[in-house]
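Asker: Sequence first, predicted coordinates after that:
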Amino acid sequence: AACALSSAHERGSRAAMFPATTAAARLALRRGVAQRLPTAVRVMSTLPTAPKVSTGLVGVPVEPAGREKLMIRSLRILQEIKDIPADAGYRQAVEAIYRHRLATCLSYKTIPEIEAAIQLGQIEELLIHADDELELIEKYKEWRLWEVIDEYNTPPGTA
């Protein structure tokens, strides 16, 4: 068992040293023959990846300007949420989320870096979430839901 664990660890370290991007390279890594791969294959695996062609999500197209669009939507959300009282829990949560997303977009320049930092899926999904949030903010304001919550939080006989 110790031998099997040791060889699995060695394969894992080879995979870390030579991230594979081709099926042949991945197969070679699984077989433990990364050192026999041509240098060109190992070098190619460290080159920047091509722009993604698909999100892999049905009906969700790739958004090449995702960073900029997420920044714009985050700013719009932060502006729209100001119409809700500052002590409302919903406003506080939304502000915290979208300030973080805006700061992340400002800190990182590439979409993969932003996706990795936020850890909630692809940038296209974050844009969908932002659109949904904008719709929800409008409903929240229309229905004045912070007042309903205040009614439930007020002890009977004190109003």
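Answerer: The structure has been received and is ready for your questions.
Asker: Distance check, the closest residue in space to A88 that isn't next to it in sequence against Y140.
Answerer: The spatial neighbour of A88 that comes closest, neighbours along the chain excluded (Cβ to Cβ, 6 or more residues apart in numbering), is W146 at 4.1 Å. In this view, the C-beta of every residue, glycine as well, is placed from N, C-alpha and C. Noted for W146: a distance of 8 Å to Y140, by Cβ to Cβ, to the nearest Å.
Asker: any shared contact partners between these two?
Answerer: When contacts are counted by Cβ atoms under 8 Å, 6 or more residues apart in numbering, the set common to W146 and Y140 consists of I84, Y90.
Asker: Give me the neighbour count for T55.
Answerer: Other residues lying near T55 total 16 when counted by other Cβ atoms under 10 Å.
Asker: pull the longest helix from this protein.
Answerer: Determined from DSSP state H, the single longest helix within the chain is helix 123-143.
Asker: Might you report the residue contacts of V94?
Answerer: With contact taken as Cβ under 8 Å, 6+ apart, V94 is in contact with I77, I81, E133, I137.
Asker: before we move on, the earlier item: quick one: contacts for the residue nearest to A88?
Answerer: The neighbourhood of W146, defined by Cβ under 8 Å, 6+ apart, consists of I84, P85, A88, Y90, R91, Y140.
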